[in-house]
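>>> Sequence first, predicted model second:
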Amino acid sequence: MEQSSTFANLQTKIKDRSALVGVIGLGYVGLPFAVEKAKVGYSVIGFEQNPQRADQVNAGDNYIPDVKTEELQAIVSSGKLKAVTSYEQISQMDAIVICVPTPLTKNLTPNLSYIESVTQQLAQYLRAGQLITLESTTYPGTTDEVMRPILEQVSGLRQGEDFFLAHSPERVDPGNLRYTTKNTNKVVGASDPRSLEIAKLFYEQTIDHVVPVSSAKAAELVKVFENTFRAVNIALVNELAILCDRMDLNVWEVLDAANTKPFGIMPFYPGPGVGGHCIPIDPHYLEWKAKEFNFETHFIALAGEINRRMPEFVREKAWRVLNQVGVAPSRSTILVMGVAYKKNIDDWRESPSINVIKRLLEDHANIVYHDPFVPEIKIRGQVFQSVPLNDDEIAHADIVIILTDHSQIDYANLVTKAKAILDTRGVTRHLQGDRSNVTLL
């Protein structure tokens with residue numbers, strides 16, 4: 001098939017929704033995207049290495065809060081979505097979207113093993129006329145410098161001529177009820193005109209507004225900057241919280257007053273650290289890449305250092321509160337409120353709550369936790385289960401530490417019943433009545 005007809009044929013399939021779509025990785029990014037594609041008429045196959053997840057999808061058993069269970073069940077029942085654990089059907093796909101993890105090593109350097117492994121396997125099945133897009137967050141250059149050489153060398157095909165390759169970073173915000181996969185603006189970039197054109201067309205079928213940029217590298221940098229922006233500003237208010245603690249000032253009062261200014265400021269608030277799969281990780285991708293150009297990203301490094309310091313600051317402040325009530329850390333019972341990395345979700349990956357708990361355990365404190373979204377956690381081989389939040393549990397604790405501010409918690413009752421509270425999220429600061437037992441971060 002000639003190159004022009006290959007391109008035109010893929011355009012037609014995308015427009016009339018006859019294109020077969022493959023989504024590699026059915027996690028927080030992949031499953032919502034697969035559902036959106038199936039909802040508008042595409043036939044979608046999810047390639048998922050975890051057999052349990054694949055079975056859940058095929059049974060219509062939803063495990064991602066941002067996906068509506070009834071929608072998942074409907075598209076699975078209709079045959080528009082199914083999950084498989086092997087790559088044998090990759091060659092049948094017209095568009096392939098990669099949504100795999102991009103973690104860091106212990107030395108805070110990029111770990112691209114998932115992307116490299118998937119690309120190697122894709123290359124073995126790659127055929128002319130396919131579109132491949134990478135949604136995983138990574139450093140600028142991954143799509144062009146890591147994926148493209150593997151795909152071209154193994155398959156013998158050429159990007160922009162035989163197949164098409166683009167980067168479109170995910171912008172998933174778990175638990176966000178306003179912005180979903182469909183109505184969140186979608187950036188897409190590619191390093192040849194045809195790849196950009198076809199990728200833009202592909203995403204426009206399901207996303208309300210697609211924003212094209214000039215290259216895959218630009219698209220990769222867009223996402224890393226977005227998360228770096230948040231990391232740096234969170235670090236700023238975290239550092240302010242530590243300073244206010246030493247100055248005996250209420251950081252929440254200062255921030256609330258500052259945020260009344262109608263211009264020139266954006267609300268950011270301190271906390272026990274940063275968590276999830278983006279903010280603690282992604283800025284270090286840019287920090288690492290910058291060194292290739294003999295450039296030191298001082299803001300990024302400093303922000304990471306400050307944010308990683310916060311769990312230890314919480315630990316120190318908790319011991320001060322315990323000292324005030326006359327209880328030694330090693331004899332204390334601590335009730336931790338929330339272990340998810342942000343409120344109203346069940347994801348505790350990279351959660352600062354876990355880092356705080358680890359530090360409290362080092363002082364031999366008795367730790368119990370309550371989280372309505374996370375029934376069980378495992379820390380250093382020890383299994384903890386969420387306890388019911390009743391008056392007895394609250395009263396038994398020497399201190400309650402609020403680490404995740406889930407909305408369904410009755411904080412007024414918590415303040416009334418607890419001996420002492422350390423509120424790292426500022427969720428109790430607007431409560432009426434006596435709050436003399438509450439210490440804010």
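Ah, there it is. Residues are numbered from 1 along each chain as shown.
>>> residues in contact with the most centrally placed residue in the chain?
A centroid search over the chain (C-alpha atoms, centre = their mean) returns H277, at 3.8 Å, as the residue closest to the centre. Shown in contact with H277 (C-beta atoms under 8 Å, 6 or more residues apart in numbering): Y28, P101, D347, R349, E350. Placement of C-beta: from N, CA and C, glycine included.
>>> domains in this protein, as residue ranges please.
3-214, 229-440 (automatic domain parsing).
>>> Quick check: end-to-end length of the last one?
Same thing as domain 229-440. 25 Å (C-alpha to C-alpha, to the nearest Å).
>>> ok so, going back, so when I look at the residue nearest to the centre of the chain, I'm seeing a helix, right?
No. H277 is assigned coil when assessed by DSSP: H, G, I helix; E, B strand; the rest coil, not a helix.
>>> Below-threshold pLDDT in this structure: ranges please.
Where the chain drops to pLDDT under 70, the residues are 1-3.
>>> what ranges do the helices span in it?
3-15, 30-39, 51-58, 69-77, 113-125, 148-155, 193-204, 216-247, 251-258, 282-290, 298-324, 352-362, 391-396, 411-417 (DSSP state H).
>>> re the thing from before, figure out which of the domains of the chain is closest to V222.
domain 3-214 (5.1 Å; C-beta to C-beta).
>>> and stretch 316-326, which residues are buried?
For stretch 316-326, a neighbour-count test (16 or more other C-beta atoms under 10 Å) marks K317, A318, W319, V321, L322 as buried.
>>> can those residues go into TSV with extra columns for distance to T297?
Putting the buried residues of stretch 316-326 into TSV (distance: C-beta to C-beta, whole Å) gives the following:
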residue	distance to T297
K317	30
A318	33
W319	34
V321	36
L322	39
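>>> Going by distance to K82, which of the residues you listed wins?
Nearest member of the buried residues of stretch 316-326 to K82, counting by C-beta to C-beta, is A318, at 48.7 Å.
>>> Might you report the residue contacts of that closest one?
With C-beta under 8 Å, 6+ apart, A318 has these contacts: I334, L360, I399, I401, L422.
>>> what about 7 Å?
Contact partners of A318, counting by C-beta atoms under 7 Å, 6 or more residues apart in numbering, are L360, I399, I401, L422.
>>> Tell me how far it lies from N227.
Distance of A318 to N227, computed by C-beta to C-beta, to the nearest Å: 29 Å.
>>> Does A340 touch D347 like I think?
Yes. In this structure A340 lies within contact range of D347 using C-beta atoms under 7 Å: 5.9 Å.
>>> higher neighbour count, these two?
Neighbour count, other C-beta atoms under 10 Å: between A340 and D347, A340 has more, with 25 against 20.
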